[in-house]
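S.K.: Quick check, what structure comes out for this input:
(2 chains)
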Amino acid sequence: GAVVSQHPSWVICKSGTSVKIECRSLDFQATTMFWYRQFPKQSLMLMATSNEGSKATYEQGVEKDKFLINHASLTLSTLTVTSAHPEDSSFYICSARSKVFDEKLFFGSGTQLSVL
Amino acid sequence: GNSVTQMEGPVTLSEEAFLTINCTYTATGYPSLFWYVQYPGEGLQLLLKATKADDKGSNKGFEATYRKETTSFHLEKGSVQVSDSAVYFCALTGQGGKLIFGQGTELSVKP
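M.R.: Residues are numbered from 1 along each chain as shown, chains lettered A, B, ... in the order given. Reported below is the predicted structural model:
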């Protein structure tokens, strides 16, 4: 099956620094990638949708200047949390979709971000 | 808007016990319904799905039936194994085909 690699799996950073999370589709080209965030005991919440070569579409309430998404190629999307603060501490998950796989979603293993 | 509610975890069972994880939903229209599973250290994987009322999705011994009258999609398995220990997410398609997830239910199966 298709594999989506996400890293780092966990990261600890100081408040005010920026953190980049990578999401790669290893054996297929992802026309669309999605970024989710999950707080403890809560649902995965969709943050944004990105299509290769175009600007990401952010969900309501998600700050696009804080959560920078780049989908520069068909196999790589990055999420940068800029000037991270403790309230940004969360579990971030990416997923990728490909027409080759009948539009199924394939998920990365997630990144646990802790901002001190 | 569309939403999903799952039973809270963690759920702890002994091996070979019967499993039910409740999932109810609120939706306009006729969404597709899904169960995803996340094993420790891995990404979410699609476990099963149902696309219309009365459909039964099944995979790896798990089953769930799309019940429109009760707006439910409960996950069941007759005899769980230690290897089924994971977090299970119920989800449905929302506006624009986006997935809307429940909060996840952690299952722990003891030998």
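S.K.: can you tell me which residues contact residue A:28?
M.R.: Applying C-beta atoms under 8 Å, 6 or more residues apart in numbering or on different chains, we find residue A:28 in contact with A:2, A:75, A:96, A:98, A:100, A:101. In this view, the C-beta of every residue, glycine as well, is placed from N, C-alpha and C.
S.K.: at 6 Å what do you get?
M.R.: With contact taken as C-beta atoms under 6 Å, 6 or more residues apart in numbering or on different chains, residue A:28 is in contact with A:2, A:98, A:100.
S.K.: Compare those and tell me which is most surrounded.
M.R.: Among the contacts of residue A:28, residue A:98 has the most neighbours (other C-beta atoms under 10 Å in any protein chain shown), with 19 neighbours.
S.K.: Let me know the pLDDT of the residue nearest to that one when sequence neighbours are not counted.
M.R.: Of all residues not flanking residue A:98 in the chain, residue A:28 sits nearest, at 4.9 Å (C-beta to C-beta, 6 or more residues apart in numbering or on different chains). At residue A:28, the pLDDT value in this model is 87.
S.K.: For residue A:28, give me the backbone phi and psi.
M.R.: Per-residue torsions, residue A:28: phi -160, psi 160 (degrees, to the nearest 10).
S.K.: Next one: stretch B:41-49, is it in contact with chain A?
M.R.: Yes. Applying C-beta under 6 Å from any C-beta of the partner chain, one finds stretch B:41-49 touching chain A at B:42, B:43, B:44.
S.K.: which among the residues you listed gets closest to residue B:19?
M.R.: For the residues of stretch B:41-49 next to chain A, the closest approach to residue B:19 (C-beta to C-beta) belongs to residue B:44, at 18.6 Å.
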